[in-house]
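Engineer: Can you look at this prediction? I've put the sequence above it.
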Amino acid sequence: MSDFAGRVAVVTGAGSGIGRALTLALAAEGARLAISDVDTTGLEETARRARELGAEVKADHLDVTQREKVLDYAEQVAAHFGAVHQVYNNAGIAYHGEFERTEFKDFERVLDVDFWGVVNGTKAFLPHLIASGDGHVVNVSSLFGLLSIPGQAAYNSAKFAVRGFTEALRQEMLIARHPVQVTCVHPGGIKTAIARNAAVPEGDDQKTFAEFFDRKLARTTPEDAAKTVLAGVRKNKPRVLIGADAKLLDAFVRIAGPAYQRIVAGVTARVVPKG
């Protein structure tokens, strides 16, 4: 796609972070926007700022784990705008804790939002993207969809699943010759509230982990992340890495192979604070 002007773009998790930054970047490009989040206060602020940029905005409360509601939402968006060109499946949550101490419900919650939310959004909007003749699916995985680290078994599972799902979908679109591009996004440490909102096992100090993430790992602003995503969409890239950390660690895993696991385990044991 050469530009975004006039395109109908759907953004989930638009109430803050990368989702808000994507919304505002798309608004500045002249896109027509359908945005959603479970955080209605944050969503309203995003919508207000996008409208100030001149964008047409449809803003709705949406829980991406509720499949039937996502399916209904896709029909509502298509009816409202007449077409859907781009879907940014961005909504996500975080969890930090050793698998041995993680409850099934916490593991399932991460998978429900971070993986099934992506599947639900893709499945619901794919017929409309195909019908548009100029569609694009953008699924947000993570740096942790490229390598695994201790304490992130649930998040790694979801983000690796997003990566595998998205790469398979891209190949299917190529085989079927559908007019739909597919991009998987792998952000590194982004300066958002995701770590501050992350769940942890009972008894762990959530604040300690959040402060470590914000101080040591979060290097890229959401605005820079959004610019990188849109640049990748313009070029129809299959994979977009965000931040020097994502690029460096992706190369590290490729070079080190399975040996990376022992190296990462040793580094994590020394530098990551205990819960």
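Structural biologist: Structure received.
Engineer: Determine the longest helix present in this structure.
Structural biologist: helix 153-176 (DSSP state H).
Engineer: Go through that one and flag the buried ones.
Structural biologist: Buried residues in helix 153-176, defined by neighbour count with 16 or more other Cβ atoms under 10 Å: 153-163, 165-167, 169-170, 173. Using the backbone N, CA and C atoms, a C-beta is placed for each residue, glycine as well.
Engineer: backbone phi and psi for the closest residue to residue 39 other than its chain neighbours, please?
Structural biologist: Spatial nearest neighbour of residue 39, chain neighbours left out: residue 15 (3.8 Å); criterion: Cβ to Cβ, 6 or more residues apart in numbering. With angles defined as degrees, to the nearest 10, residue 15 sits at phi -80, psi -10.
Engineer: strand partners of the top strand by length along the chain, parallel vs antiparallel please.
Structural biologist: Determined from DSSP state E, the single longest strand within the chain is strand 180-187. With DSSP bridges as the test, strand 180-187 is paired with strand 135-140 (parallel), strand 239-242 (parallel).
Engineer: quick one: average pLDDT of the first one?
Structural biologist: pLDDT averaged over strand 135-140 equals 98, rounded to a whole number.
Engineer: cool, the shortest one as well?
Structural biologist: If you average the pLDDT over strand 239-242, you get 97.
Engineer: Hmm, residue 29 is touching residue 227, no?
Structural biologist: No: under the criterion of Cβ atoms under 8 Å, residue 29 makes no contact with residue 227, lying 10.7 Å away.
Engineer: Tell me, please, where in the protein the pLDDT is lower than the cut-off.
Structural biologist: Within the chain, the segments meeting pLDDT under 70 span 1-2, 192-218, 273-275.
Engineer: picking that back up, now do the same contact list for the residue nearest to residue 39.
Structural biologist: 37, 38, 39, 40, 41, 42, 43, 45, 46 (Cβ atoms under 8 Å, 6 or more residues apart in numbering).
Engineer: Residue 225 versus the closest residue to the last one other than its chain neighbours, what's the distance?
Structural biologist: Spelled out, that is residue 46. Distances taken as Cβ to Cβ, 6+ apart place residue 20 nearest to residue 46, at 4.6 Å, with adjacent residues excluded. Distance of residue 20 to residue 225, given as Cβ to Cβ, to the nearest Å: 11 Å.
Engineer: Equivalent analysis for residue 252, please.
Structural biologist: With Cβ to Cβ as the criterion, residue 252 and residue 225 are 21 Å apart.
Engineer: Give me the more crowded residue out of those two.
Structural biologist: residue 225 (25 against 14; other Cβ atoms under 10 Å).
Engineer: Surely the more buried one forms part of a helix?
Structural biologist: Yes: Residue 225: assigned to a helix according to DSSP: H, G, I helix; E, B strand; the rest coil.
Engineer: which parts of stretch 41-49 are buried?
Structural biologist: For stretch 41-49, by 16+ other Cβ under 10 Å, it's 42, 43, 46, 47.
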